[in-house]
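[1] Fold the following for me, if possible:
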Amino acid sequence: MRTFLPIRPYLRYKQAKTLIRNLLYICTITCLALSSCQLESKSNIESDVNKSTVTLNSFSSQGFRASQEEGLLKIEYRIRNELKEIEIDLVENPINRFVLSSTTQIHYFKEIGQLDKVVGCAWLDDIDDALIEQSKSNGVIQNVTVGAELDLESILDCRPDVVLYDPRESSLVQRLESLGIICIPFLEYAEKDALSRVSWLHLIGLLTGKPKTSLMRYGEISNNYMNQRLLPNEEDNSRDKVILMSYYNGIWSASGPKSLMAELVNDAGGEYVLDGDATASVDLDVEELLTLISKIDFLGVIQYGEINEQIIAKWDDRISVEILDSISIFSVDTKNDDYFGQGILQPDIMLADLKAILKQDSSFHYTYFKPLKGDIKMN
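    Residues are numbered from 1 along each chain as shown. Okay, the predicted model is just below:
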């Protein structure tokens, strides 16, 4: 961090104006850093006028660090214990064309106003977003998948400067790198808490030349989240017991007890009832599910499409409408609400939804989590 001399009487107006602006910027960065520390987040962001560094490493055996100083971007990352380094001279080789391997990644660009730099994205037809749809219709963004796979020819047709890839599906990386295309892993999915996932905005900010924009946007989201998380639990000190479930191909799954969803429930003032240390979803048989239902106040259902008690009861005849009537039910419709895309960057809105559900707030405007009609009077 720079050290500035005290302002002296003879300091010219322009120098004073620059000094004050820099001091205000540094104070802002310090406040945001303090907010991040309160979250005990594993992500670390440092920035001043000419240098920015972001460390993203809250997952075991994998780490990521990017720093930019005077136009030189350095990236170090460890995937499956293999360390790699990339250096990019952003002055000589500015990055203006990105191809993305995941629909989630595109929302990070949109969040900081850099969607125009995305020229290709996987499974583009699955994204329901007006701004992205407009870019697609105008031919700015191309789909780079054929069937269920990334397509090398489609990627090359986009003439990308950088390809962001998922290390779990990296079969094309070696080929792309041999053609001089920079490939950078994007591992937001490996983060274990909501705000650490949002913190990958900082990498996109560095790559697109907008580190200040990404820092400020992250600060807004994290402050909104923390302000809601720290609100007192009003009338009752007891915490409502909650479980989040999904059902697919005859299998019931619950969000893991150490998952992002469990964290949201707990931060909203509820108590996530599943025990253990799993971060991934946990499969349950019907007996286990019925035991859990007998203990909970709220059942959340993550489902592609609308849901109601009758649909849930049809999934298994041992789960009757009468049993479901004894608890409050809310749902996430992943077909009509962008829960897995834009939702990742709006944990503050998800938290607000959950707080309102636990308070049985009939006047609240719900965005992602919504009570079933009849459980709470909907707007």
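[2] which parts of the host helix or strand of Glu153 are buried?
    Glu153 belongs to helix 152-157 when assigned by DSSP states H and E. Using 16 or more other Cβ atoms under 10 Å as the test for burial, helix 152-157 gives Ser154, Ile155, Leu156. All C-beta atoms are positioned from the backbone trio N, CA, C, and that covers glycine.
[3] Export the residues you listed as JSON lines, with columns for pLDDT and distance to Val198.
    Listed next are the buried residues of helix 152-157 as JSON lines, based on pLDDT from 0 to 100; distance: Cβ to Cβ, whole Å:
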{"residue": "Ser154", "pLDDT": "96", "distance to Val198": "29"}
{"residue": "Ile155", "pLDDT": "97", "distance to Val198": "27"}
{"residue": "Leu156", "pLDDT": "97", "distance to Val198": "32"}
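[4] Closest one to Asp128 out of those residues, please.
    Ser154 (21.3 Å; Cβ to Cβ).
[5] gap between that closest one and Leu187?
    Using Cβ to Cβ, to the nearest Å, we find Ser154 at a distance of 23 Å from Leu187.
[6] Please enumerate the helices of the chain.
    Along the chain, the segments classed as helices by DSSP state H run 13-38, 103-111, 130-137, 152-157, 173-178, 194-198, 201-207, 211-229, 260-267, 286-293, 309-315, 321-325, 347-358.
[7] Show me the one of the ones you listed that comes nearest Asp338.
    Across the helices of the chain, the minimum distance to Asp338, taken as Cβ to Cβ, is reached by helix 103-111, at 7.9 Å.
[8] nearest residue to Asp89 other than its sequence neighbours?
    Spatial nearest neighbour of Asp89, excluding adjacent residues (Cβ to Cβ, 6 or more residues apart in numbering): Leu72 at 5.9 Å.
[9] what is the one you found paired to in the beta sheet?
    Beta bridges link Leu72 to Glu69, Asp89 when assigned by DSSP bridges.
[10] ok, now which ones touch it?
    Glu87, Ile88, Asp89, Leu90 (Cβ atoms under 8 Å, 6 or more residues apart in numbering).
[11] for stretch 316-334, which positions count as buried?
    Ile319, Leu324, Ile327, Ser328, Ile329, Phe330, Ser331, Val332, Asp333, Thr334.
[12] can you tell me the average pLDDT over that stretch?
    For stretch 316-334, mean pLDDT rounds to 87.
[13] Go ahead and produce CSV holding the CA coordinates of it.
    In CSV, the C-alpha atoms belonging to stretch 316-334 read as follows (Å, rounded to 0.1, in the frame of the first residue of the first chain):
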residue,chain,number,x,y,z
ASP,A,316,-43.9,-42.1,-3.0
ASP,A,317,-47.2,-43.3,-1.6
ARG,A,318,-45.8,-43.5,1.9
ILE,A,319,-45.6,-39.7,1.9
SER,A,320,-49.2,-38.6,2.2
VAL,A,321,-50.7,-35.2,1.8
GLU,A,322,-51.7,-35.4,5.4
ILE,A,323,-48.1,-35.8,6.5
LEU,A,324,-47.1,-32.8,4.3
ASP,A,325,-49.9,-30.8,5.8
SER,A,326,-48.2,-30.9,9.2
ILE,A,327,-45.2,-28.8,7.9
SER,A,328,-44.6,-25.7,5.9
ILE,A,329,-43.3,-26.3,2.4
PHE,A,330,-41.3,-23.9,0.1
SER,A,331,-39.7,-24.6,-3.2
VAL,A,332,-37.2,-23.4,-5.8
ASP,A,333,-38.3,-23.8,-9.4
THR,A,334,-35.1,-24.2,-11.3
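[14] so where is this structure shaky, pLDDT-wise?
    Judged by pLDDT under 70, the chain has its weakly predicted residues at 1-63, 80-81, 230-237, 373-379.
[15] same thing but 50
    1-43, 45-49, 58-61, 377-379 (pLDDT under 50).
[16] Walk me through the domains of it.
    13-226, 234-371 (automatic domain parsing).
[17] what about the last one, distance to the chain center?
    This means domain 234-371. 19 Å (Cα atoms, centre = their mean, to the nearest Å).
[18] Kindly report the same for the longest one.
    Average the C-alpha atoms of domain 13-226, do the same for its chain, and the two points are 12 Å apart (Cα atoms, centre = their mean).
[19] elements contacting the helix holding Glu153?
    Packed against helix 152-157 by the contact rule (3 or more Cβ pairs under 8 Å, 6 or more residues apart in numbering; DSSP states H and E) you find strand 142-143, helix 173-178.
[20] and Thr208, what is it in contact with?
    By Cβ under 8 Å, 6+ apart, Thr208 lies in contact with Ile95, Phe109, Ile112, Gln114, Lys117.
[21] Take the contacts of Leu72 and lay them out in a markdown table including neighbour count and distance to Phe298.
    Below are the contacts of Leu72 laid out as a markdown table (neighbours: other Cβ atoms under 10 Å; distance: Cβ to Cβ, whole Å):
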| residue | neighbour count | distance to Phe298 |
| --- | --- | --- |
| Glu87 | 9 | 50 |
| Ile88 | 22 | 48 |
| Asp89 | 11 | 53 |
| Leu90 | 16 | 48 |
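[22] No further queries at this time; thank you.
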